[in-house]
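Asks: A structural model of the following input is requested.
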Amino acid sequence: TRALRAGLLAWYGRNRRDLPWRRSRDPYAIWVAEIMLQQTRVAVVVERYQQFLQRFPTLVSLALAPEQDVLAMWSGLGYYRRARMLRKAAQFVSENLHGNLPVKAEELRILPGIGVYTAAAVASIAHNEPVAVVDGNVERVLCRFAGWGAGSRKGGGTALRRKVEDLARRFLDRARPGAFNQAMMEL
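Replies: Sure thing, here's the model as predicted:
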């Protein structure tokens, strides 16, 4: 396992894509990217992400923005519910948490629109919390690694999902969880 972790991190160090959200440890910027990346191609997100952060550089600026302004900046990304939930979560954080995003994945999950994956991604990348992320890409990689139908849920369903999540937790590099999770997603 150590050798696989080290190999994956070395591969990632050599091959990772230079993406704007990877140049930041700001939880807000990482959160915005993770929401934008849901069901949207990376190439589309890169351009929209930078424009969005120029218009809403802080969580509070997003919380105070009229919904129509947020939706206009979201144009081209689709799934507008994500933009509405992002703004709603920013308002919740501004009103109830003094404008500070929670640090831990478990705490992030209380926010509107943030599920298990997004909470783990933000907490591990921004705060180095040792929590594994499992999205469709990570699931496919781990299923192939373990010989579990190459990511297919046929015959597995919830039981397979639990096995994948358990394997992701065991495989996680606890010293570098943010980099490791990004390497898994990149792979």
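
Asks: okay, helices next: where are they in this structure?
Replies: Using DSSP state H, the helices assigned to the chain run over residues 2-15, 27-36, 42-55, 59-64, 67-74, 81-96, 105-108, 116-127, 136-146, 157-171, 177-186.

Asks: nearest to W21, out of the ones you listed?
Replies: In this view, the helices of the chain are compared for proximity to W21 by C-beta to C-beta, and helix 27-36 is the closest at 3.6 Å. Any C-beta I mention is one placed from the backbone N, CA and C, and that applies to glycine too.

Asks: what packs against the closest one?
Replies: In terms of contacts (3 or more C-beta pairs under 8 Å, 6 or more residues apart in numbering; DSSP states H and E), helix 27-36 is packed against helix 42-55, helix 81-96, helix 116-127.

Asks: wait, doesn't M36 sit right on L77?
Replies: Yes: shown here, M36 and L77 form a contact pair, counting by C-beta atoms under 8 Å, at 5.9 Å.

Asks: can you tell which of the helices and strands packed on helix 27-36 is closest to V138?
Replies: Using C-beta to C-beta and comparing the helices and strands packed on helix 27-36, the one that lies nearest V138 is helix 116-127, at 8.9 Å.

Asks: what's the angle from that closest one to helix 136-146?
Replies: Going by axes from the mean of the first three to the mean of the last three C-alpha atoms, to 10 degrees, helix 116-127 is angled at 90 degrees with respect to helix 136-146.

Asks: pLDDT of helix 116-127, averaged?
Replies: When the per-residue pLDDT values of helix 116-127 are averaged, the result is 97.
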